[in-house]
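**Q** Predicted model and sequence below, questions to follow.
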Amino acid sequence: MKSPRIPSMSFNLLHSKYNWGYLTTQQKNWCAGSNNRQCLLGMGKALGGSTVINGMLWVRGNPKDYDLWAQQGNPGWSYQDVLPYFKKLEYAKVKKFSNDHQGKGGKVHVENSHFMTPATEYVLRAAHELGIPYINYNSGNQMGIGHAQGTLKDGSRWSSAKAYLEHSEERRNLIIKTKSTVLKVLIDDNKRAYGVQYIRNGKLYEVHAIKDVVLSAGGMSTPKLLALSGIGPEKDLKKFGIKALSNLNVGSPLLTHILFPGIRFIFNSTLPPVNEKRDILDYLTKGTGPLTAFSSDLVTFFRTEISNHEDKNYPDIELTFAPKRVRVETTSEDKLAASVSLVLLRPKSFGEVKLSSNDPLQPPLINPNYFTDDDDIDMKTLLAGVRIAQKFANTTIFKKYGGVLDSNSVLSCKNLPFDSDQYWRCAIQQQIICLSDPAGTAKMGPESDKDAVVDYKLRVYGIKNLRVVDNSVIPVWISGHMMAPAYMIGEKGADIIKMFWTVK
């Protein structure tokens, strides 16, 4: 089962080669620059799931996120409750390592990028000039800037398959059936889950469970499977002739972050031509060079003036910086650049996932529903983030090295004055990206919560012996990226199940 050494940036190749994601429903006010006004949501269809194709950013979120999670009637899910699981699973080798918050003996390797360009140093020095503190954002405090942390080992992508499966192939109680598609959960007349039905190589199979059936299909596929199994809003299931066994609000709220990648600073440094042979050799022999880079070099968090949260240290915008190579047409030279992406951490608007058909091989209908908040807070917050990012161009270090905002207009917005609020609104609507980090579609909550699908022990309401162990159970916005919470839920969920059956 041992998998090959994979360059960390290989996800760019995987995207174009494989059928790997879902499309959102057609939109009016966002994804306007995408084909058919539909955004692509990447979902990894491989051993290791989306950890094989994602940007590898390891950003747990804010401690307040988890405290809010617990406060909503979910005991055992506060930051102090889940912190031991984050520490248990991590093998972190990062700058400004925190003994109190990070681990060194786990299965999931976390490192900083092995490849830096002068642009990284320019951004760090500019941040210092702007009074932004240097931090380890996974050490309990997010307000500041720090080197990005990613799932790498010696410069190579470290997927969940590498972390948990490579050395488990000899286990007698582990059977992996690749190229299989689960069609539904099998539930008996007593509303007890006893297995799943799946298709493999054109043949239909069933596998039965002695104890629990555990769904870990992710924020898009878990609600689809629940609905196909008769667990979901009764009125929606009736449309497809599916008997409702448990009338739960499956599929909503869909929580997925908004990313705007449309800011870039270009410096006056001319880059030498790309040397692919050298880059490959450096990667294979030393674990260094551009093939070891991941999606960002630096991550910083801000609280914009739009936020009305009582805690001044609770950010609402994340900025990620990545070095780029930009071809300047007038000189035919490649210039050093820094690309900035804005992530809206806690949007006011949320979406939904619904069945498109009773055919389990059909994708679900996905509507992230961005920018539908009544007070326009989501757009205003992103605009505030654009203005924060632009402050870097006014620093001494950026001016010294010619760091200027790329003024090449988005084609569809060329009729608007560049750098006006109207221009940036247009650019955001054109270029917005749905981060592939869905949550909330099988929401955790007490039985009194009308939107709850699972309880705090991950058990599906109304169905015996069925649990959900993935990001779909998360009931709150996580102020970060969703890979780290997914690992934590897996570790904690394993303990919950083990304790339940051991006690019995």
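**A** Great, that's in hand.
**Q** correct me, but residue 347 touches residue 259?
**A** No - under the contact definition of C-beta atoms under 8 Å, residue 347 does not touch residue 259, with a separation of 11.2 Å. Just so you know, the C-beta spots here come from the backbone N, C-alpha and C atoms, and that holds for glycine as well.
**Q** Just confirm residue 215 contacts residue 466, I think it does.
**A** Yes - contact between residue 215 and residue 466 holds when scored by C-beta under 8 Å: they sit 7.3 Å apart.
**Q** Mind listing the shared neighbours of the two?
**A** Common neighbours of residue 215 and residue 466 (criterion: C-beta atoms under 8 Å, 6 or more residues apart in numbering): residue 185.
**Q** The residue positioned nearest the centre of the chain and residue 65, how far apart?
**A** Centroid-nearest residue in the chain, with C-alpha atoms, centre = their mean: residue 437, separated by 3.4 Å. Plainly put, residue 437 is 13 Å away from residue 65 if you go by C-beta to C-beta, to the nearest Å.
**Q** Also residue 378?
**A** When C-beta to C-beta is applied, the distance between residue 378 and residue 65 equals 18 Å.
**Q** Same check on residue 460?
**A** For residue 460, the distance to residue 65 equals 23 Å [C-beta to C-beta].
**Q** More neighbours: which of those two?
**A** With other C-beta atoms under 10 Å as the criterion, residue 460 and residue 65 differ in neighbour count, and residue 460 comes out ahead with 26 against 20.
**Q** Name the residues of stretch 249-263 that are buried.
**A** Of the residues in stretch 249-263, those buried by neighbour count under the rule 16 or more other C-beta atoms under 10 Å are 249-260, 262-263.
**Q** Name the SS class of residue 390, please.
**A** helix (DSSP: H, G, I helix; E, B strand; the rest coil).
**Q** quick one, helices of the stretch 401-504 of the chain?
**A** With DSSP state H, counting those that start in this stretch applied, the stretch 401-504 of the chain shows helices at 421-431, 483-503, listed in chain order.
**Q** most packed of these?
**A** Sort the helices of the stretch 401-504 of the chain by mean neighbour count, taking mean count of other C-beta atoms under 10 Å, and helix 421-431 sits at the top with a mean of 19.
**Q** what sits up against that helix?
**A** 29-30, 32-33, 260-262, 371, 379, 382-383, 386, 409-410, 412-413, 416-417.
**Q** Quick one: buried ones out of those residues?
**A** 30, 32-33, 260, 262, 371, 379, 382-383, 386, 409-410, 413, 416.
**Q** Contacts only, for residue 470.
**A** Applying C-beta under 8 Å, 6+ apart, the residues near residue 470 are 215-219, 222, 486, 489-490.
**Q** ditto for residue 76
**A** 70, 456, 492.
**Q** Residue 262 too?
**A** Residue 262 makes contacts with 410, 427-428, 431, as judged by C-beta under 8 Å, 6+ apart.
**Q** Which of the residues you listed sits closest to residue 285?
**A** Of all these, residue 285 sits closest to residue 431, with 38.0 Å by C-beta to C-beta.
**Q** where are the low-confidence patches of the chain?
**A** With pLDDT under 70 as the threshold, the chain has low-confidence stretches at 1-20, 504.
**Q** again, only this time at 50
**A** Within the chain, the set of residues satisfying pLDDT under 50 comprises 1-19.
**Q** just the helices in it please.
**A** With DSSP state H, the ranges of helices along the chain come out as 11-17, 63-71, 79-89, 118-129, 160, 218-228, 234-238, 276-286, 377-390, 396-400, 421-431, 483-503.
**Q** I'd like those written out as JSON lines, with distance to residue 105 added.
**A** As requested, these are exported to JSON lines (distance: least, C-beta to C-beta, whole Å):
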{"stretch": "helix 11-17", "distance to residue 105": "27"}
{"stretch": "helix 63-71", "distance to residue 105": "22"}
{"stretch": "helix 79-89", "distance to residue 105": "8"}
{"stretch": "helix 118-129", "distance to residue 105": "29"}
{"stretch": "helix 160", "distance to residue 105": "17"}
{"stretch": "helix 218-228", "distance to residue 105": "27"}
{"stretch": "helix 234-238", "distance to residue 105": "45"}
{"stretch": "helix 276-286", "distance to residue 105": "26"}
{"stretch": "helix 377-390", "distance to residue 105": "37"}
{"stretch": "helix 396-400", "distance to residue 105": "39"}
{"stretch": "helix 421-431", "distance to residue 105": "41"}
{"stretch": "helix 483-503", "distance to residue 105": "13"}
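**Q** To residue 317, which of those lies closest?
**A** With distances scored as C-beta to C-beta, the stretch of the helices of the chain nearest to residue 317 is helix 377-390 (4.1 Å).
**Q** tilt between the closest one and helix 421-431?
**A** With axes from the mean of the first three to the mean of the last three C-alpha atoms, to 10 degrees as the criterion, the two stretches helix 377-390 and helix 421-431 enclose an angle of 110 degrees.
**Q** Can you tell me what sits against helix 377-390?
**A** The contact list for helix 377-390 (C-beta under 8 Å, 6+ apart) reads 258, 260, 263, 302, 304-307, 316-317, 319, 340, 342, 344, 347-349, 370-371, 405, 421, 424-425, 428.
**Q** at 7 Å instead, please
**A** Surrounding helix 377-390, the residues in contact under the criterion C-beta atoms under 7 Å, 6 or more residues apart in numbering are 260, 263, 302, 304-306, 316-317, 319, 340, 342, 344, 347-349, 370-371, 405, 421, 424-425, 428.
**Q** and those, which of them are in strands?
**A** In this view, those that belong to strands under DSSP state E are 260, 263, 302, 317, 319, 340, 342, 344, 405.
**Q** Nearest to residue 360 among those residues?
**A** Taking C-beta to C-beta as the measure, residue 360 sits nearest to residue 344 out of the ones in strands among the contacts of helix 377-390, at 32.9 Å.
**Q** can you pull the contacts of the nearest residue to the closest one once chain neighbours are set aside?
**A** Computed as C-beta to C-beta, 6 or more residues apart in numbering, the closest residue to residue 344 that is not its neighbour in sequence is residue 258, at 4.3 Å. The contact partners of residue 258, taken as C-beta under 7 Å, 6+ apart, are 344, 347, 370, 432.
**Q** Most widely separated two among the residues you listed?
**A** Greatest spatial distance in those: 347 and 432, 11.2 Å, computed using C-beta to C-beta.
**Q** which residue sits closest to residue 249, ignoring its sequence neighbours?
**A** Closest residue in space to residue 249, ignoring its immediate chain neighbours: residue 451 at 4.6 Å, by C-beta to C-beta, 6+ apart.
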